[in-house]
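**Q** here is my input, please return the structure:
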Amino acid sequence: MNISLPRNGVVIVRKRIGSKAAIMLAVSMLVQTLAACEDQRPTDELDKRGAEEAIYSDPGLAKYNPPIEISLVRNVNEDFTDLISNFPGETLEDNRWDRLYEDVLGIRVKYEWTAKDDLYHQKLGSALASGNIPDIVRVNAQQLRQLANEGLIQNLSDVYEHYAAPFTKDVLSQEGTGPFEAATIDGKLMAIPETSASIEGAQFLWIRTDWLDRLNLKPPKTINDLLAISKAFTENDPDGNGKDDTYGLALTQYLWDPVMGALDFMAGYGAYPNIWLEDDTGKLVNGAVQPEVKQALAVLQRMYRDGQIDPEFALKDGRKEKALIAEGKIGIMYGEQWGSFVVQSSYEKDSDADWQPYPIVSATGELSKVPLRFATTQFLAVKKGVQHPEAIVKMINLHLEKNWGVTAEYETYYSTPYPAWQLSPVTPAPLRKNYEAFLQLEEFRITEDEAVLHDEAKAIQKNIDAYRTRNDITGWGWERTYGPKGAYSIFRKYEKNNQLLFESFVGVPTEAIIEKQSILDELKNKTFMNIILGRPIEEFDRFVEEWHRLGGTEMTSEVNDWHAEKGRKTQ
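**A** Predicted structure coming up:
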């Protein structure tokens, strides 16, 4: 379960499945069962030992002898510093995952350098520009093509085919063919896509229900209801301290943050500024330049002008804005399922602070579409000349095996309940695992049969029980995400009601996207922020004109060429 900011900032830097048909068949059957989330582990100890031997004798998990060394660079920001403090005696280069990779695979992890956030990205950009790249490097789609065009990275087609375990192949294919299409250049797989679950981008409305109760308000059914709640939270002293010191809606300087962002507020107006979608004619259009965005920006501008949004939000990142939530100054937040661990900060300081997730709402009162951006944006590329390019695939295999495989030790390597998985330089995961865990917990709540709970769900239930029976604060957020009224109970309704709006363009970034996307994104972000802060709403119209002139028209044409070709292939 993801309970921190997105998995950015790690870059790796250096450093046939089965030898017998019978072993291949056994392993394949086991991992297929795992991938289907059935988790039917061998019950006979002899069978289990045989399965383990088969798995670890496979080339995809074979140990290097003598050991090899890989070096990495990493974004060691404040979130990571907070994380490592929860593991006494462990450090960036000496932790449970480092030791596991060396003990099982003979891979020694070493970091060449570390940096924080902007400085990290600057240093990485300089390395890419100079060609002085790490042996294995995490890059975005544009950087991947840059490295491929300059001949600095190697073809991984055969490496992936021969060393990726069946379970790994299953997991990395769960987003469809899009991630591998994006990593394929001229018919060659030039990187391993770090597939991410689009469904994890689903957002919810997190609201302080104790404030609702104090002001005699009901949960929102429409955007107008939400605006009335925001106004009341700002003006009617919901904390009862007699001071004018509270705000309605949380926002940060990055409008598209997965928590405390404006993305799904805009979705309530039918505005989807971060995805490509089909219009009424079947053509693909970019959501950022559609007229619905203008309406949403105008409303946010009024909320800011009326003091319902922190007046300094444009200068604050997520950590600084979260501090206002912790201090009990904000009562509404849009955010993904792990938003529970953000709002938990206020409960930790005030046990009366009660937050609950609700479905996002629309201006019309109809069920709102929940935009889901194509989530795979990072790729692991290997520098040309590296002797063991398969090492990264082996690390991916082991990460999946120790968290969800036959030999899994979930509460050691994934959640303690602190997210130990983040200590690893590679962090693949089954893409529906969180939702599957929720469904198991729901079945358990009905049947009271613990046999329905697999490793992840067992660990989550233990955390929830700790909160309910001992008021252990560490379990509060888990209950708000996985409980009977938690975020995933709402996601189930999203899915049942066909509210999920997946991005329509999932292909290889086109030439225009590679060249123009960053410029247009910067223009979008600057214009939208300025409008919220008070610039004339007509600036949106000028933005649309500029967007098309600076490359948007070209991008749209290329995206629709891809869309038409995809349609022909599926006919």
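**Q** most remote residue from the middle of this structure, which is it?
**A** Among residues of the chain, the one most distant from the C-alpha centroid is G242; the distance is 39.5 Å, by Cα atoms, centre = their mean.
**Q** determine the longest helix present in the protein.
**A** As far as residue count goes, and with DSSP state H defining each element, the longest helix of the chain is helix 511-532.
**Q** the residue farthest from the centre of the chain should be in a helix, yeah?
**A** No: the assignment for G242 (DSSP: H, G, I helix; E, B strand; the rest coil) gives coil, which keeps it out of a helix.
**Q** how near is it to Q337?
**A** For G242, the distance to Q337 (Cβ to Cβ, to the nearest Å) stands at 36 Å. All C-beta spots, glycine's among them, are computed from the backbone N, C-alpha and C.
**Q** try T556
**A** 33 Å.
**Q** these two: which is more packed in?
**A** Looking at T556 and Q337 with other Cβ atoms under 10 Å, you find the greater number of neighbours at Q337, namely 30 against 20.
**Q** spatially nearest residue to that one (excluding sequence neighbours)?
**A** Leaving aside its sequence neighbours, Q337 sits nearest to A487 (Cβ to Cβ, 6 or more residues apart in numbering; 4.1 Å).
**Q** tally of neighbours for that neighbour?
**A** Using other Cβ under 10 Å as the criterion, the residues surrounding A487 number 26.
**Q** my guess is it contacts V343, does it?
**A** No: with contact taken as Cβ atoms under 8 Å, A487 and V343 are classed as non-touching, separated by 11.2 Å.
**Q** what residues are shared contacts of these two?
**A** Overlap between the contact sets of A487 and V343, as judged by Cβ atoms under 8 Å, 6 or more residues apart in numbering, is given by R480.
**Q** now the strands for the stretch 201-350 of the chain?
**A** Counting by DSSP state E, counting those that start in this stretch, the stretch 201-350 of the chain has strands at residues 204-208, 247-249, 276-278, 284-286, 330-335.
**Q** so for R319, which of the ones you listed sits nearest?
**A** Shortest separation from R319 across those is recorded for strand 330-335, at 14.1 Å, computed as Cβ to Cβ.
**Q** so where's the chain shaky on pLDDT?
**A** Confidence mapping of the chain against pLDDT under 70 gives the ranges 1-51, 568-571.
**Q** hmm, try it at 50
**A** Judged against pLDDT under 50, the low-scoring parts of the chain cover residues 1-41.
**Q** tell me, how many residues neighbour E348?
**A** Neighbourhood size, E348 [other Cβ under 10 Å]: 13.
**Q** which ones are touching it?
**A** The neighbourhood of E348, defined by Cβ under 8 Å, 6+ apart, consists of 326, 473.
**Q** at 7 Å instead, please
**A** Shown in contact with E348 (Cβ atoms under 7 Å, 6 or more residues apart in numbering): I473.
**Q** measure it to D472 for me?
**A** Here the criterion is Cβ to Cβ. By it, E348 lies 11 Å from D472.
**Q** now L156
**A** Using Cβ to Cβ, one obtains 44 Å as the distance from L156 to D472.
**Q** more neighbours, those two?
**A** Between L156 and D472, counting by other Cβ under 10 Å, L156 is the more crowded of the two (23 against 15).
**Q** give me phi/psi at that one?
**A** Dihedral angles of L156 (phi, psi; degrees, to the nearest 10) stand at phi -110, psi 10.
**Q** nearest spatial neighbour of it, chain-adjacent residues omitted?
**A** Taking Cβ to Cβ, 6+ apart, and ignoring the residues beside it in sequence, L156 has L189 as its nearest neighbour in space, at 5.0 Å.
**Q** show me the strands in the stretch 351-500 of the chain, by range?
**A** Remark: strands of the stretch 351-500 of the chain, listed N- to C-terminal, are 355-358, 370-372, 379-382, 500-502; assignment by DSSP E, counting those that start in this stretch.
**Q** report the distance from the second one to the chain centre.
**A** Mean C-alpha position of strand 370-372 versus that of the full chain (Cα atoms, centre = their mean, to the nearest Å) differs by 13 Å.
**Q** that one pairs with which strands, parallel or anti?
**A** Partner strands and pairing direction for strand 370-372 (DSSP bridges) are strand 500-502 (parallel).
**Q** for the strand it pairs with, buried residues please.
**A** Neighbour counts using 16 or more other Cβ atoms under 10 Å place 500-502 of strand 500-502 among the buried residues.
**Q** coming back round to it: quick one: closest of the strands of the stretch 201-350 of the chain to M529.
**A** Each of the strands of the stretch 201-350 of the chain was scored for nearness to M529 using Cβ to Cβ, and the closest is strand 247-249 (15.0 Å).
**Q** list the helices and strands the closest one packs on?
**A** Using 3 or more Cβ pairs under 7 Å, 6 or more residues apart in numbering; DSSP states H and E, the elements in contact with strand 247-249 are helix 223-235, strand 330-335.
**Q** adding mean neighbour count and distance to P419, write those out as CSV.
**A** What follows is the helices and strands packed on strand 247-249, written out as CSV (neighbours: other Cβ atoms under 10 Å; distance: least, Cβ to Cβ, whole Å):
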stretch, mean neighbour count, distance to P419
helix 223-235, 19, 31
strand 330-335, 26, 17
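**Q** count the residues that sit near E522.
**A** For E522, which is what you asked about, the neighbour count (other Cβ under 10 Å) is 10.
**Q** hmm, I was thinking of A141
**A** In terms of burial, A141 registers 20 neighbours under the definition other Cβ under 10 Å.
**Q** any idea how far it is from I513?
**A** Counting by Cβ to Cβ - A141 and I513 are separated by 8 Å.
**Q** do the same with E292
**A** Between E292 and I513 the distance is 23 Å, computed by Cβ to Cβ.
**Q** nearest spatial neighbour of L255, skipping sequence neighbours?
**A** Beyond its immediate neighbours in the sequence, the residue positioned closest to L255 (Cβ to Cβ, 6+ apart) is A262, lying 4.7 Å away.
**Q** the one you found - how many residues pack around it?
**A** Every residue meeting other Cβ under 10 Å relative to A262 is counted, giving 25.
**Q** just S126 next, same as before
**A** Residues near S126, counting by other Cβ under 10 Å, number 10.
**Q** ok, now which ones touch it?
**A** Taking Cβ under 7 Å, 6+ apart as the contact definition, S126 lies against nothing.
**Q** quick check: it is in a strand.
**A** No: judged by three-state DSSP, S126 forms no part of a strand; its state is helix.
**Q** burial of the nearest residue to K329 once chain neighbours are set aside, as a residue count?
**A** Closest residue to K329 apart from its sequence neighbours, by Cβ to Cβ, 6+ apart: T246 at 5.5 Å. Here the neighbour count serves as a burial measure; for T246 (other Cβ under 10 Å) it reads 24.
**Q** is T246 in contact with A232, as I believe?
**A** No: judged on Cβ atoms under 7 Å, T246 makes no contact with A232 at a distance of 9.8 Å.
**Q** now list whatever residues contact both of those two.
**A** Common neighbours of T246 and A232, using Cβ under 7 Å, 6+ apart, do not exist here.
**Q** still on that earlier bit, quick check: the residue nearest to Q337 touching L205?
**A** No: counting by Cβ under 7 Å, L205 is not a contact partner of A487; they are 10.2 Å apart.
**Q** anything in contact with each of those two?
**A** Overlap between the contact sets of A487 and L205, as judged by Cβ under 7 Å, 6+ apart, is given by P357.
**Q** for R108, grab phi and psi.
**A** Given degrees, to the nearest 10, the pair of backbone angles that R108 has is phi -100, psi 120.
**Q** could you find the closest non-adjacent residue to it?
**A** E69 (4.4 Å).
**Q** likewise L226?
**A** Leaving out its chain neighbours, L226 is closest to P220 (Cβ to Cβ, 6+ apart), at 4.1 Å.
**Q** and that neighbour, what is it in contact with?
**A** For P220, the residues meeting the contact criterion (Cβ under 7 Å, 6+ apart) are 226, 229, 358, 361.
**Q** nearest to K110 among those residues?
**A** The closest of those to K110 turns out to be Y358 (Cβ to Cβ; 46.4 Å).
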